[in-house]
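Participant: Okay, sequence plus prediction incoming.
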Amino acid sequence: MQSTVLVYIPCHTDFSDALNQVETLRHDFLSYSKTLQAQPRKLYVVVSVNAYQPENSEKVRAAALCDQVLYYGDALLADVNISQGYLVSLQLDPEIFWLLSANDKLLPKTLSRIISEFDNDPDLDLIVANSVLESTKYQEHKVKNINGVISGVVYKTTRLKKYFNVAPFFPWTGWSHLAVIESAINGNGGLSVLPIHQDLLFMQTNRSLKMNGSVYAHSFTGDMIQKFLFRNSSSQRKKSLRYFVRSNFYRAHLYGSRDTKANDINNMVNPKHYLSWNSLIAESLLKANTPFSYIIYKIAKKIPFESLEGISILRRIQKRL
């Protein structure tokens with residue numbers, strides 16, 4: 001019986017890049033299918049388009065390349081579009097599921113490598129792209145070791161799909177994909193993970209620091225909130241808040257500068273101040289649970305670490321931004 005490899009690509013104005021990804025996937029899957037080790041599989045590609053109106057020529061190209069194209073007009077914003085991939089996976093019930101960014105340009109034979117790894121090890125739950133050297137399969141018990149890049153995780157759905165329904169509850173944090181993995185780790189008592197260096201799989205598009213500060217402002221504080229919510233006790237939740245501030249104080253100004261006015265935060269869904277209420281929630285959690293960390297965080301928000309280039313230690317800090 002044929003099993004399905006589902007690749008879901010959420011996109012926006014990068015619709016053309018998404019279609020380029022599909023072309024690469026089709027070519028790579030064809031190469032895999034011709035190998036002697038190939039299992040009977042089919043590739044199913046869904047491209048989901050939010051807040052962008054494609055030209056007719058783009059729609060024609062998409063129809064020729066994709067199994068399904070979802071056009072939402074202006075009805076969705078990015079993180080909702082990402083989280084919907086898990087619902088599509090629940091509907092189609094594939095064996096392998098990959099939530100792939102349009103911007104992480106695939107390298108040749110990436111899909112073939114991924115499928116082959118799952119073929120070689122039926123007990124493998126996740127393939128994780130990371131920035132360190134490859135290693136052998138291991139049991140993962142902490143989500144903090146999982147790459148936050150959406151393209152950086154490929155799922156064997158057998159033990160994970162029952163946790164995919166978690167995703168629609170967390171797009172507002174910016175980390176619905178990590179909420180799924182955290183739930184699966186907790187529910188299964190760990191996951192079998194194979195790390196592969198991401199430079200062997202895809203190339204990421206680099207944004208400027210200023211653009212990152214604007215685009216990902218909601219996910220910076222959303223990360224703090226989500227980690228707080230997934231801790232099991234009051235002491236662990238407080239510990240997670242302290243650790244977040246200690247580890248990220250030098251990022252506070254970069255990601256905290258976009259939404260500085262009261263009217264900015266009052267816009268519930270505004271692309272220019274996207275999910276800005278996360279900063280209110282995060283700071284309220286800090287103030288109520290760890291007052292000293294709250295003071296440190298508020299001070300750090302006023303210091304533009306990303307602009308202080310004259311001091312060597314701060315230059316080292318900048319490299320981590």
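Facilitator: That came in fine, so what should we check first? Numbering: from 1, shown residues only.
Participant: Could you give the average pLDDT over the one helix or strand Ile181 maps to?
Facilitator: Element membership of Ile181, judged by DSSP states H and E, is helix 176-188. Mean pLDDT, helix 176-188: 96.
Participant: Val153 contacts Leu126, correct?
Facilitator: Yes: the pair Val153 and Leu126 qualifies as a contact (C-beta atoms under 8 Å) at a distance of 5.9 Å. (Each C-beta comes from the backbone N, C-alpha and C, glycine too.)
Participant: shared neighbours, the two?
Facilitator: Both Val153 and Leu126 are contacted by Ile146, Ile181, under the criterion C-beta atoms under 8 Å, 6 or more residues apart in numbering.
Participant: just the strands in the stretch 201-321 of the chain please.
Facilitator: Here the stretch 201-321 of the chain has its strands, by DSSP state E, counting those that start in this stretch, at 202-203.
Participant: so where's it uncertain?
Facilitator: Within the stretch 201-321 of the chain, the stretches falling below the threshold (pLDDT under 70) are 260-269, 271, 309-321.
Participant: where exactly do the helices run in it?
Facilitator: If you assign secondary structure with DSSP state H, counting those that start in this stretch, the helices in the stretch 201-321 of the chain sit at 209-215, 217-229, 234-248, 252-256, 262-266, 277-289, 291-300, 312-319.
Participant: Alpha carbons of the third one, in PDB - could you do that?
Facilitator: So the one you mean is helix 234-248. Output of helix 234-248 as PDB, limited to C-alpha atoms (Å, rounded to 0.1, in the frame of the first residue of the first chain):
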ATOM      1  CA  SER A 234       4.700  27.100  40.000                       C
ATOM      2  CA  SER A 235       8.400  26.800  40.800                       C
ATOM      3  CA  GLN A 236       9.200  25.600  37.300                       C
ATOM      4  CA  ARG A 237       7.200  28.400  35.700                       C
ATOM      5  CA  LYS A 238       9.100  31.000  37.700                       C
ATOM      6  CA  LYS A 239      12.400  29.300  36.800                       C
ATOM      7  CA  SER A 240      11.500  29.500  33.100                       C
ATOM      8  CA  LEU A 241      10.800  33.200  33.300                       C
ATOM      9  CA  ARG A 242      14.100  33.900  35.100                       C
ATOM     10  CA  TYR A 243      16.000  31.800  32.600                       C
ATOM     11  CA  PHE A 244      14.400  33.600  29.600                       C
ATOM     12  CA  VAL A 245      15.300  37.000  30.900                       C
ATOM     13  CA  ARG A 246      18.900  35.900  31.800                       C
ATOM     14  CA  SER A 247      19.300  34.300  28.400                       C
ATOM     15  CA  ASN A 248      17.600  37.000  26.300                       C
END
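Participant: how far does it sit from the chain's center?
Facilitator: The gap between where helix 234-248 is centred and where its chain is centred comes out at 22 Å by C-alpha atoms, centre = their mean, to the nearest Å.
Participant: Give the other helices and strands that that helix contacts.
Facilitator: For helix 234-248, the contact count by 3 or more C-beta pairs under 8 Å, 6 or more residues apart in numbering; DSSP states H and E identifies helix 217-229, helix 277-289, helix 291-300 as packing neighbours.
Participant: between whichever helix or strand comes after the helix holding Ile181 and helix 176-188, how big is the angle?
Facilitator: Scanning forward in sequence from helix 176-188, with DSSP H and E defining helices and strands, the next element found is strand 191-197. Angle between the axes of strand 191-197 and helix 176-188 is 140 degrees (criterion: axes from the mean of the first three to the mean of the last three C-alpha atoms, to 10 degrees).
Participant: Could you give the number of residues near Gln53?
Facilitator: By other C-beta atoms under 10 Å, the residues close to Gln53 number 12.
Participant: Name the nearest residue to it, ignoring sequence neighbours.
Facilitator: Gly73 (7.0 Å; C-beta to C-beta, 6 or more residues apart in numbering).
Participant: next one: phi and psi at the one you found?
Facilitator: Geometry field for Gly73 lists phi and psi as phi 60, psi -130, criterion degrees, to the nearest 10.
Participant: what angle do the helix holding Ile181 and helix 217-229 make?
Facilitator: Taking the same axes, to 10 degrees, one finds helix 176-188 and helix 217-229 inclined to each other by 10 degrees.
Participant: what pLDDT does Ile146 get?
Facilitator: Per-residue confidence for Ile146 comes out at a pLDDT of 86.
Participant: Leu92 and Ser135, how far apart?
Facilitator: 32 Å (C-beta to C-beta, to the nearest Å).
Participant: neighbour-wise, which of these two wins?
Facilitator: Neighbours per residue (other C-beta under 10 Å) separate Leu92 from Ser135, with Leu92 holding more: 16 against 12.
Participant: who touches the more buried one in this structure?
Facilitator: In this structure, Leu92 makes contact with Thr4, Leu6, Tyr44, judged by C-beta under 8 Å, 6+ apart.
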